[in-house]
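K.L.:
Kindly generate the corresponding structure for this input.
(one chain, ligands or ions: 1)
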Amino acid sequence: MALLEVNDLERTFGGIVALDGVTFDVASGETNVIIGPNGAGKTTLFNCITGYHIPDHGTVRFQGTDITSTPDYKTARTGIRRTFQEVDVFDELTVAENISLGAFESSPREMMELLDLLDIHDKEGSELTLFERKRVSLALASEGELLLLDEVFSGLNPTEKPAMVGYLDALAERKTLMLIEHDIETAFDLADTVTILAQGQVMKRGTPEEMLDDETVREDFLGEMAI
Ligand SMILES: Nc1ncnc2c1ncn2[C@@H]1O[C@H](COP(=O)(O)OP(=O)(O)OP(=O)(O)O)[C@@H](O)[C@H]1O
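P.N.:
Below you'll find the predicted structure:
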C-alpha cells in the first residue's frame with residue numbers, strides 16, 4: 001500500500017480550474033519532487049493534501065485512511081507536516097523554544113543534530129539567517145511521516161544550496177518527502193520520482209532518468225536545463 005494515494009483530485013476557484021483530475025501515489029520512503037510552470041496547481045495540490053483546501057472531487061488517502069475532508073490542523077496530527085515558502089519561526093523565541101512548539105513525541109535532539117541546530121539552540125528567531133530559519137522549520141516539520149516542502153531552496157546562496165541538499169538527503173533516509181521545486185537541477189538531484197504538473201494535470205511521472213529520456217518532456221518542460 002502506498003503511503004499517500006491521491007485519486008482524481010479536482011479543485012476550482014470561481015472559473016479557474018486549479019486541479020483537473022490529479023492521480024498519483026507516493027510510496028513510503030520515496031522522495032517525490034513536483035515541478036511545473038507558474039499556476040500549474042502545485043500549491044493547490046499541497047493545500048488539498050493537507051486539508052487547507054477541500055477538493056471539489058476526488059480523494060486523498062494517507063496510510064490507507066481517507067483524509068480528504070480532514071482539516072489541516074488535524075492532518076498534522078495524522079503525520080503530514082508542511083513547510084511554507086514564508087518561513088514560520090517565532091522571532092522572540094530561541095531555536096530550542098521554537099522547536100519545543102513542534103509537539104514532538106520523542107526528543108527533537110536527533111533532528112536538531114541532523115540539521116546542525118544544537119550549536120545555535122539559544123539564538124533568538126529574530127537573529128537567525130534565512131538558512132537557519134529554514135532548518136528550524138524543517139525540524140518542526142520532521143515530526144511528521146510525510147513532509148511537504150514548498151521551495152526550500154528559494155533565497156539560499158550558492159554555498160547554502162548544496163548544504164541544504166545534504167540535509168534533505170539525510171532527512172530522506174528517515175522520512176517520505178514531497179517537494180515543490182522550481183530549480184530543475186536541484187529537483188533532479190534529490191528526486192526518486194518527479195511529477196510534472198501543468199494546467200492542473202499530471203503530465204508525466206517517473207524517475208529523473210525517465211524524464212530526461214523523454215523528448216517531449218525535455219522540449220516542453222525542462223528547456224535548457226535538460227543537459
Ligand atoms: N485561493 C485562490 N483563489 C483563487 N484562485 C486561486 C487560489 N489559489 C490558487 N488559485 C489559482 O489556481 C491556479 C493554480 O495555482 P497554484 O498556486 O496552485 O499554482 P502553482 O503551480 O503553485 O504556481 P506557482 O508556481 O506560481 O506558485 C492559478 O491559476 C491560481 O491563480
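K.L.:
The residue nearest to Glu151 when sequence neighbours are not counted: what's it in contact with?
P.N.:
Nearest non-adjacent residue to Glu151, counting by Cβ to Cβ, 6 or more residues apart in numbering: Gln85, 5.0 Å away. (Glycine included, C-beta is placed from N, CA and C.) Neighbouring residues of Gln85 by Cβ atoms under 8 Å, 6 or more residues apart in numbering: 150-151, 154.
K.L.:
which of these come close to the ligand?
P.N.:
Filtering those for proximity to the ligand by Cβ under 6 Å from any ligand atom leaves nothing.
K.L.:
Buried by neighbour count, from these: which ones?
P.N.:
150-151 (16 or more other Cβ atoms under 10 Å).
K.L.:
need the contacts of Gln85 in JSON lines with distance to Lys42, pLDDT and secondary structure, can you?
P.N.:
Listed next are the contacts of Gln85 as JSON lines, based on distance: Cβ to Cβ, whole Å; pLDDT from 0 to 100; DSSP: H, G, I helix; E, B strand; the rest coil:
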{"residue": "Asp150", "distance to Lys42": "8", "pLDDT": "91", "secondary structure": "strand"}
{"residue": "Glu151", "distance to Lys42": "9", "pLDDT": "90", "secondary structure": "coil"}
{"residue": "Ser154", "distance to Lys42": "13", "pLDDT": "90", "secondary structure": "coil"}
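K.L.:
low-confidence ranges in the protein?
P.N.:
For the chain, the stretches flagged by pLDDT under 70 are 103-104, 224-227.
K.L.:
What's the local residue count around Asp169?
P.N.:
Residues lying near Asp169 (other Cβ atoms under 10 Å) number 13.
K.L.:
Can you get me a residue count around the residue lying closest to it once chain neighbours are set aside?
P.N.:
Spatial nearest neighbour of Asp169, excluding adjacent residues (Cβ to Cβ, 6+ apart): Leu190 at 7.2 Å. By other Cβ under 10 Å, the residues close to Leu190 number 22.
K.L.:
Can you tell me how far Leu190 is from Thr83?
P.N.:
15 Å (Cβ to Cβ, to the nearest Å).
K.L.:
what about stretch 8-22, how long is it end to end?
P.N.:
This stretch, stretch 8-22, spans 5 Å end to end (Cα to Cα, to the nearest Å).
K.L.:
That one close to the ligand?
P.N.:
Yes - residues of stretch 8-22 are located near the ligand by Cβ under 6 Å from any ligand atom, namely 13, 16, 18.
K.L.:
Check which residues of that stretch are buried.
P.N.:
9-11, 17-20, 22.
K.L.:
From the residues you listed, which land in helices?
P.N.:
Judged by DSSP state H, these include no members of helices.
K.L.:
residues from this structure in reach of the ligand?
P.N.:
Counting by Cβ under 6 Å from any ligand atom, the residues of the chain near the ligand are 13, 16, 18, 36, 38-44.
K.L.:
And the residues you listed, which of them are buried?
P.N.:
Buried, going by 16+ other Cβ under 10 Å: 18, 36, 40-44, out of those.
K.L.:
So the closest residue to Leu177 other than its chain neighbours versus Phe188, what's the distance?
P.N.:
Residue nearest to Leu177 in three dimensions, not counting chain neighbours: Thr31, with 4.5 Å by Cβ to Cβ, 6+ apart. Going from Thr31 to Phe188 by Cβ to Cβ gives 11 Å.
K.L.:
Kindly report the same for Val87.
P.N.:
To Phe188, Val87 is 24 Å away according to Cβ to Cβ.
K.L.:
which other helices and strands contact whichever strand or helix holds Glu210?
P.N.:
Per DSSP states H and E: Glu210 is located in helix 208-213. Applying 3 or more Cβ pairs under 8 Å, 6 or more residues apart in numbering; DSSP states H and E, one finds that helix 208-213 contacts helix 184-190, strand 193-198.
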